[in-house]
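1. Quick one, what's the 3D model for this:
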Amino acid sequence: QDAQGLVRPTLWSGIEISCLLEGCLVHVLALGFEPGHGALEPYRQGCAPVGPALQAAEVRRRIHAAGGLALLAGITQAADRTAGMIEGKVALKSAGPITFGPDGILFIADTKAAAIIAMATGDTKSAPTKPVKVDGLGQKVAALLGTAADQISIDDLAANPASHTAYLAVTRGRGAGAVPVILRVKPDNSLEVLALDKVKHARAELPDAPVDGVQGEGKRQSNPRLESITDIAFFEDRLLVAGLSNEEFASTLRAIPFPFQKVANGTSVEIYHGAHGKFETRSPIRTFVPFKVGNEPQLLAAYTCTPLVQFPLKDIQPAAKIKGKTIAELGNRNRPLDMIVYRKDGKDWLLMANSARGVMKITTEAIAEADSITSPVGGGGTKGQKYETIESWKGIEQLDKLDDQHAIVVRKTDAGALNLESLPLP
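-> Sure, this is the predicted structure:
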């Protein structure tokens, strides 16, 4: 009551913050804080934060720093991230790249449709790693799908981190009649087709994808739609996506919150390409990994001819324009194919497969202090982060981490056959 005896409401400042508590999505209410306090700035941007700011303990600390009261509103998503998915047939025009998130959810990039499908595989039980060895992979896939080996392309490889089961995105046929198929490797190393006709799934469509059609002339002809998605990876509560957009700065990164809602326009990225001696905005990232530098989540991305570039994940915001930090030039006339990060002997390493320069084991030591490359690196030379070439890993065309001690690869033999096999991490 006021001095006149009237009852008047007391208004408190308030904000609801989505964050992670032991891997679960929760909502925390911040009440009575100082409006405009800088500690809560990450939560006033209109999109979810990344890294430490996404964790519940950090949310509580920041609310208290702003003089507020933190209340847990409730756990909304504990174990089942398939809630809200629809059950039915998964419509694909193409398949690959692919990657796994939590709860056996397989993310499939449909580049032709400029969309991403999150599919519940039901493959959620933890299991020990078993050796994988499938010789003559192309012939066995062709026999399974009832066609010839020259009508098969292996588009990507992903391992489920829970069950350590390998999955393959393949295409049966060529041209307009090509059909995308997802295969799974069974414990006995046989192959099976993953049924797509009655599964839980969700779909996210890119709003700013390039047009679907051939552009350019002669040897420079290409369909930019087929590079609308060049690589994907799941990190914390979102799917990270690299590719091309229809913007002037066509090279694009996205951080799409999961479960999927509306997908915003991507982040346009610019890099300095030492081998080319210039800044570039239209060359797509070929492969990338999320990686924490100190406590700061970063994205380490590799491009054709082969710059390695670092982007802070917090900078990947809708419709933003950002400039990456080139921390290595790893040689020209080469296309990076796949990259993983792993820990061995107390150190973190990057392992990158390439079209012309073998498999590189790249150090991450002193990466936080790495100098930015801003001048030409000529003559096919290298600069920046050090690496060694793993000579025994020849012919690697696809690569993923199977568990903490093993990778799984698609390898082309000297005779031209494809094999699928697990290998100890070097």
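2. which non-adjacent residue is nearest residue 302?
-> Closest residue in space to residue 302, ignoring its immediate chain neighbours: residue 336 at 3.8 Å, by CB to CB, 6 or more residues apart in numbering. Quick note: C-beta positions are derived from backbone N, CA and C, even for glycine.
3. count of residues packed around the one you found?
-> As a burial measure, residue 336 scores 25 neighbours (other CB atoms under 10 Å).
4. List the residues that contact it.
-> 286, 287, 302, 303, 304, 306, 352, 353, 354, 355 (CB atoms under 8 Å, 6 or more residues apart in numbering).
5. From residue 368, how far out is residue 387?
-> Separation of residue 387 from residue 368 (CB to CB, to the nearest Å) stands at 18 Å.
6. Who has more neighbours out of these two?
-> residue 387 (21 against 12).
7. Quickly list what the more buried one is bridged to.
-> residue 362 (DSSP bridges).
8. Okay, and residue 10 sits in which element?
-> Using DSSP states H and E, no element contains residue 10; it sits outside every helix and strand.
9. Tally up the residues packed near it, please.
-> 5.
10. List phi and psi for residue 386.
-> phi -80, psi 150 (degrees, to the nearest 10).
11. surely it meets residue 362?
-> Yes. With contact defined as CB atoms under 8 Å, residue 386 and residue 362 form a contacting pair (7.4 Å).
12. So for those two, which residue has more residues nearby?
-> Higher neighbour count among residue 386 and residue 362: residue 362, with 22 against 12, using other CB under 10 Å.
13. Hmm, that one is touching residue 382, no?
-> No. Residue 362 lies out of contact with residue 382 (CB under 8 Å); the separation is 10.8 Å.
14. Give me the common contacts of those two.
-> In contact with both residue 362 and residue 382: 328, 330, using CB under 8 Å, 6+ apart.
15. coming back round to it: whichever of the contacts of residue 336 end up buried, select them in PyMOL.
-> One line in PyMOL is enough to select the buried ones among the contacts of residue 336; burial here means 16 or more other CB atoms under 10 Å:
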select buried, resi 286+287+302+303+304+306+352+353+354
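16. Can you convert the contacts of residue 336 into TSV and add a column each for secondary structure?
-> Shown next, in TSV, are the contacts of residue 336 (DSSP: H, G, I helix; E, B strand; the rest coil):
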residue	secondary structure
286	coil
287	strand
302	strand
303	coil
304	coil
306	coil
352	strand
353	strand
354	strand
355	coil
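17. Surely residue 290 forms part of a strand?
-> Yes. Under three-state DSSP, residue 290 sits within a strand.
18. What count of nearby residues applies to it?
-> Residue 290: 17 neighbours (other CB under 10 Å).
19. Please shift the residue numbers so they start at 14 in all later answers.
-> With the count now opening at 14, the last piece we talked about shows up as residue 303.
20. Looks like it contacts residue 253 (just checking).
-> Yes. Using CB under 8 Å, residue 303 makes contact with residue 253 at a distance of 6.4 Å.
21. what do the two both touch?
-> In contact with both residue 303 and residue 253: 246, 312, 326, using CB under 8 Å, 6+ apart.
22. For residue 113, give me its contacts.
-> Counted by CB under 8 Å, 6+ apart, residue 113 has contacts 119, 120, 171, 172, 173, 174, 180, 247.
23. again with residue 335
-> 266, 280, 281, 282, 283, 324, 328, 329.
24. Specify which member of the residues you listed is nearest to residue 115.
-> residue 329 (20.3 Å; CB to CB).
25. tell me, how many neighbours does the closest one end up with?
-> Neighbours of residue 329 (other CB under 10 Å): 23.
26. can you pull the contacts of it?
-> Contacts of residue 329 by CB under 8 Å, 6+ apart are 63, 253, 266, 267, 268, 280, 312, 335.
27. SS state for residue 153?
-> helix.
28. State the helix or strand in which the residue nearest the centre of the chain lies.
-> Against the mean C-alpha coordinate of the chain, by CA atoms, centre = their mean, the closest residue is residue 246 at 1.7 Å. Take DSSP H and E as the rule and residue 246 turns out to sit in strand 244-248.
29. Follow the chain on from that strand and name the next helix or strand.
-> With DSSP H and E, the next secondary element past strand 244-248 is strand 251-257.
30. hang on, residue 424 is in a strand, isn't it?
-> Yes. Applying three-state DSSP, one finds residue 424 inside a strand.
31. Next, find the distance separating it from residue 200.
-> 21 Å.
32. Neighbour count: these two, which is higher?
-> residue 424 (19 against 11).
33. which ones are touching the closest residue to the more buried one other than its chain neighbours?
-> Leaving aside its sequence neighbours, residue 424 sits nearest to residue 408 (CB to CB, 6+ apart; 4.7 Å). Going by CB under 8 Å, 6+ apart, residue 408 touches 424, 425, 426, 427.
34. Perfect, that will be all.
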